[in-house]
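Participant: Build me a model from this:
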Amino acid sequence: MTQLFTTHFFGGIEIYVLTRMAYDRHATICKPLHYTIIMSRQRCNAIITACFTGGFIHSASQFLLTIFLPFCEPNEIDHYFCDVYPLLKLACSNTHIIRLLVIANSGLIALVSFVVLMLFYFFILYNIRAYSLETRSKALSTCSSHVAVVVLFFALALFIHIRLATTFPKDKALALFYTIIASM
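Facilitator: Numbers count the residues shown, from 1 in each chain. The predicted structure follows:
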């Protein structure tokens, strides 16, 4: 349960940090003269606090959904780390409602964050269309590494956490990509 909590805690923080990074890119590219006011030390501290709080709330909800389940034999999961779906396969009770709650929590957090992220990038693309080719190229190169990580992380996280009742053998490998590779 500690592994479940910490995995979702840091995963939730990563989702929120990636979204806030898109906000930072938006402020940098679309309002460069106001950047120091928009991203003041106080605002950055508030953003980091919000990321940690959001990660904690997400992780606590995942933890509370699984901690009270009755588990049967066998007690080994077919996964690299203790995640919610492999744990639900071990439960002795009906987990349909819990699966829906997991989708509502993990899936909606990832989906809403991804949509917000894409909106920031849409506004960036919309604003740079009036820039010169050199300035546009510089602005897009600023965003390219972030976009690559976002696509890698969110595509895999959404694929794993929005499905209803199925787990696939390839979920283990995909989980490595969105928990370790994207973070690196």
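
Participant: Ile98: how many residues sit nearby?
Facilitator: By other C-beta atoms under 10 Å, the residues close to Ile98 number 18. Just so you know, the C-beta spots here come from the backbone N, C-alpha and C atoms, and that holds for glycine as well.

Participant: Repeat that for Ile37.
Facilitator: 10.

Participant: contacting residues around the helix or strand encompassing it?
Facilitator: According to DSSP states H and E, Ile37 maps onto helix 35-38. Under the criterion C-beta atoms under 8 Å, 6 or more residues apart in numbering, residues 27-28, 31 lie in contact with helix 35-38.

Participant: I'd like to know which helix or strand in this protein has the lowest mean pLDDT.
Facilitator: Counting by mean pLDDT, DSSP states H and E, the chain has its least confident helix or strand at helix 171-176, which shows a mean of 66.

Participant: Return the distance of Thr66 relative to His96.
Facilitator: Look at Thr66 and His96: by C-beta to C-beta, to the nearest Å, they are 14 Å apart.

Participant: which of these two has more neighbours?
Facilitator: Neighbour tally, Thr66 and His96, criterion other C-beta under 10 Å: the higher count belongs to Thr66, 21 against 11.

Participant: Now the more buried one. Nearest residue, chain neighbours left out?
Facilitator: Nearest residue to Thr66 in three dimensions, chain neighbours excluded: Leu87, at 5.3 Å (C-beta to C-beta, 6 or more residues apart in numbering).

Participant: My read is that that neighbour contacts Phe5, right?
Facilitator: No: judged on C-beta atoms under 8 Å, Leu87 makes no contact with Phe5 at a distance of 12.0 Å.

Participant: More neighbours: these two, which one.
Facilitator: Leu87 (21 against 18).

Participant: contacting residues for that one?
Facilitator: So Leu87 contacts 4, 66, 69, 71, 77 (C-beta under 8 Å, 6+ apart).

Participant: Show me the residues you listed that map onto helices.
Facilitator: Under the assignment DSSP state H, the contacts of Leu87 contribute 4, 66 to helices.

Participant: Show me the shaky parts of this protein.
Facilitator: 74, 77-82, 160-184 (pLDDT under 70).

Participant: all helices of it, in order?
Facilitator: 2-30, 35-38, 41-67, 84-90, 96-102, 108-128, 133-161, 171-176.

Participant: quick one on the thing from earlier: between the contacts of helix 35-38, which sits nearest Thr49?
Facilitator: Ala27 (18.4 Å; C-beta to C-beta).

Participant: and that closest one, how many neighbours?
Facilitator: When neighbours are counted by other C-beta under 10 Å, Ala27 comes out with 18.

Participant: what's the spacing between the closest residue in space to His26 that isn't next to it in sequence and Val150?
Facilitator: Nearest residue to His26 in three dimensions, chain neighbours excluded: Phe120, at 4.5 Å (C-beta to C-beta, 6+ apart). The gap separating Phe120 from Val150 is 10 Å, by C-beta to C-beta.
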